[in-house]
Every structure is written in structure tokens, then in C-alpha cells.
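Colleague: next comes the sequence, and after it the predicted model I'd like to discuss.
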Amino acid sequence: MRALVTGARGFVGTHLVAHLKECGDDVIEMDRIIGSPSIEDALAIKTHVVAAQPSVVYHLAAQSDVAASWDDPLNTFQVNAVGTLNIMQACVQAQVECLVSVTSSDIYGIVQPEDLPLTEQAPLRPVNPYAASKSAAEMVCVQGFLGHGLKVVRARAFNHLGPGQSEHFLAAALAAQIARNEIRGQSKVSVGDLTARRDFTDVRDVVRAYRLLALHGKPGEAYNVCSGQDVTASELANKLLKMAKTPMSVQQNEHLLRPVEVPVLRGDNSKLLATTGWKPAIALPETLADVLSDARHRVRDQTHSSL
């Protein structure tokens, strides 16, 4: 396949590009880091996609920091909703065979225990600006399918983690603090609310699901991309702390608390499994070990460069 990946140099994009190339796909990377047009520039995006002539587009480019979305909801909406509209229209113009648009489990919002695990039929109840922007992006995709006949597949990604993730996200932030503490001889790891339960999947399993959805996903449908299991943030933190080279403990920091926290999210991945045959292959302990190893390398490099 000839594939175009938006957000190709981001955390997930980097892993997706690597996976696509391993599968023998011809990959076009699109990211502002390498001089590609802004996702908000409709004309430039259309020109870029039409010139590339991909058979499939994976739309990953987004403002994905939930905390930052509270500070700048307008930019979050412009990038995530309007950006998706621009990509969808460009795909129609370029006669792309399939658009895999990545949204988020955050669109499900606050749910009750009896609602779990969440299926794709669960109502959208966004409680933060990021989730609202992703909900709007979903409607853009529905319109692209119904109004233009574009094969759009929506991938509702639950929490994913792995090497290379930004410190804006829990596991990477904890791992980076542990790595710095190991060098500095410190023992406290600053945390926010650790009571929330989340459904975590290794990013390398997630990108496998995206490619399978491009091949086998039903046009117009949404698919949960998740492990089907949830753990508390405190469990995740404790697993990482046990891997530290010296004893450490957590210390709550009120500045890391969000205005509204979704207590629990756990997805039902049966639709994805039935459609594509996908299932997670990398267990959480292995993922966390890789995250911590990556953090140690990055912190060591930062330390050496500052000397």
C-alpha cells in the first residue's frame, strides 16, 4: 500500500511509520517538523495529499494533551476538529481508498461501573475540551462517509504507552522522574491523581491495529483499540517504582491534578478482534520496562549534553 501518515514524527506516528515500512508499504510522512503544511491550512493540505496520491491515509496529527486543552480549547478544536475536516476533504479530492482517523476513548467521558466495558455503542459524553474536539472530529468522519462515500474507519484509541512518549503522559513522566532520581540520588516522584483506572495498550500493538483496520475495517464504522483490561494509575506507578535502581516513593502535587478527572475507562475490543483478528501481544510489564529503559537513555543524553 501507498500510505500517508499525518503526525508521522509524533510518538504514535513514529511507531506506525516503522510498522508500515516493515510490512513493505510505501510511506509518505507528513509532519510540520519536516516542513509539511499545517493541518489547519485546508488548501495546502489538499494540495499535499493530492500530489502524494496515497491509497490510504492514517490521520494521527492532533493536539493530544488533555491538560493543555483546558488552557487553550480553541487551538485544540482547530487542530483536532478542523484539521480532521481538512484531511477528510483532501482525501475525497485525492480519491483516497481509505482514511483511518484516530480519535480517543476520552469521548466516552465519565461512565458508571455498570457501563463497562465500553462498546462502540456507548454515548459520547466529553468532559474536557480535548474530548469535545475529538467528538467533533468523529462527526466529520461520519459526514465524510455518508456525504462523500469515503471509506472512513474511526479508531477509538484508549490509553497507549511505550518508548518515545512525551512526559506530558503518565508513564513517561513517572519513568523520566525515576531516571533523574537515579542520577541525582533523590527518592520522591511527583504525581497527580493516581486513583483513575485506565485501559493501557502498548503503542506497538496499537499501530498494528491501525494497519489491520485499513485493510479490513468496515467503512463508516468505529472500533475501540484497547486491551480490554484496566489498572489504576497507582498500580502503574508502583510497577515502575519497583523497577527503580534505588528505593523511591510518590508525592502528590496539586498542580498535576486536572479540573475534571474521568474515574475509569475500560474498553470492549471484541469488534476489532472479530473484524481484523488483532489482539494485544505485549504485556504491560514488558512495556513499562521499555518505557523506563527509554527514559534512562534520554535522561542520560540530556545530562551529558548539559555538561
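Modeller: That came in fine, so what should we check first?
Colleague: got the buried residues for stretch 70-78?
Modeller: 73, 76-78 (16 or more other CB atoms under 10 Å). Every residue, glycine included, has its C-beta placed from N, CA and C.
Colleague: whoops, I mixed them up, stretch 163-183
Modeller: Buried residues in stretch 163-183, counted by 16+ other CB under 10 Å: 163-165, 169-182.
Colleague: would you map the strands across the stretch 51-200 of the chain?
Modeller: Ranges of strands within the stretch 51-200 of the chain are 56-59, 98-104, 152-157, 160-161, 188-191, 197-198, based on DSSP state E, counting those that start in this stretch.
Colleague: return the member of the buried residues of stretch 70-78 nearest to T287.
Modeller: Each of the buried residues of stretch 70-78 was scored against T287 by CB to CB, and T76 proved nearest at 27.2 Å.
Colleague: any idea how far the nearest residue to the closest one once chain neighbours are set aside lies from N224?
Modeller: Distances taken as CB to CB, 6 or more residues apart in numbering put S69 closest to T76, at 4.2 Å, once the chain neighbours are dropped. Per CB to CB, to the nearest Å, S69 is found 21 Å from N224.
Colleague: same question, A62
Modeller: In terms of CB to CB, A62 sits 18 Å off from N224.
Colleague: tell me the buried residues in the lowest-mean-pLDDT helix or strand in the chain?
Modeller: Using mean pLDDT, DSSP states H and E, strand 249-252 stands out as the lowest-scoring helix or strand of the chain, at a mean of 86. Neighbour counts using 16+ other CB under 10 Å place V250 of strand 249-252 among the buried residues.
Colleague: following the chain onward from it, which element is next?
Modeller: Downstream of strand 249-252, the next assigned helix or strand under DSSP states H and E is helix 270-276.
Colleague: that next one packs against which elements?
Modeller: With contacts taken as 3 or more CB pairs under 8 Å, 6 or more residues apart in numbering; DSSP states H and E, helix 270-276 sits against helix 203-216, strand 222-225.
Colleague: so for the very next helix or strand once past that helix, what gets flagged as buried?
Modeller: Downstream of helix 270-276, the next assigned helix or strand under DSSP H and E is helix 284-305. Across helix 284-305, burial judged by 16+ other CB under 10 Å covers 284, 287-292, 294-296, 298-299.
Colleague: and those, which is closest to A155?
Modeller: T287 (19.1 Å).
Colleague: burial of D268, as a residue count?
Modeller: Applying other CB atoms under 10 Å, we find 18 residues neighbouring D268.
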